[in-house]
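K.L.:
A predicted structure for the sequence below; I have some questions about it.
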Amino acid sequence: MTPPTDPTPNEPLAYLRAATAGLRHHTRTTVPEASPTVVPDPASRAQIDALHIHLTTLHALLDQLAVTTRRSQPGEGGHLAAARTRVWQATEHLHDAFHTAPSAIGTAPGFERCRPEKVLESGPPFLTICQRHLVTTVQVRRQTTPTELHSPLHGHATHRAA
């Protein structure tokens, strides 16, 4: 068996590694070293929106991997599906954080603007984050049960191999 080779720049794994490196860089530059005198700035709506984009994209990737892997490796596919659900839960929290974060004028918009009929009226940035969130919500509800979506993670889950 030959050892795995590093991907070429055109392979999907190379892009995933670059995105991960970008997140690491952002984390190092945004979060200062622990210091009693330095109070870090709270997360901005732009940062929350960027993280929401990242997590919805990661959710889509995990979904593809779970579906294709489950055919030949049900246990592995089950773990990937569980990871997909946990990423969605994190995405939900980011969406909530966006709506509770103060806007540029210093007020929080509230959740009444995130209904499907209001998204098109509200314009950017609600158009982008809310529309993205609503589209992904439809996909999530088709593939995940409400019990799975609302269950907390207790310990390590096991997924049967067959």
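P.N.:
All right, it came through fine. Numbering: from 1, shown residues only.

K.L.:
And for residue 72, the neighbour number?
P.N.:
Taking other Cβ atoms under 10 Å as the criterion, the count of residues near residue 72 is 8. For every residue, glycine as well, the C-beta is placed using N, CA and C.

K.L.:
Correction: the previous question concerned residue 57.
P.N.:
Using other Cβ under 10 Å, the number of residues around residue 57 comes to 14.

K.L.:
Would you mind giving the secondary structure of residue 41?
P.N.:
Look at residue 41: counting by DSSP: H, G, I helix; E, B strand; the rest coil, its state is coil.

K.L.:
who's in contact with it?
P.N.:
In this structure, residue 41 makes contact with no residue, judged by Cβ atoms under 8 Å, 6 or more residues apart in numbering.

K.L.:
now residue 70
P.N.:
For residue 70, the contacting residues are 76, 77, 78, 80, 81, by Cβ under 8 Å, 6+ apart.

K.L.:
Ok, residue 132 next?
P.N.:
Contact partners of residue 132, counting by Cβ under 8 Å, 6+ apart, are 52, 53, 56.

K.L.:
from those residues, which is closest to residue 147?
P.N.:
Distance from residue 147 was checked for each of the contacts of residue 132 by Cβ to Cβ. The minimum falls on residue 56, at 22.2 Å.

K.L.:
In which helix or strand does that closest one reside?
P.N.:
With the criterion set as DSSP states H and E, the secondary-structure element containing residue 56 is helix 45-72.

K.L.:
Same check on residue 84?
P.N.:
Assigned by DSSP H and E, residue 84 belongs to helix 74-100.

K.L.:
in that helix, what's buried?
P.N.:
77-85, 87-89, 91-92, 94-95, 98-99 (16 or more other Cβ atoms under 10 Å).
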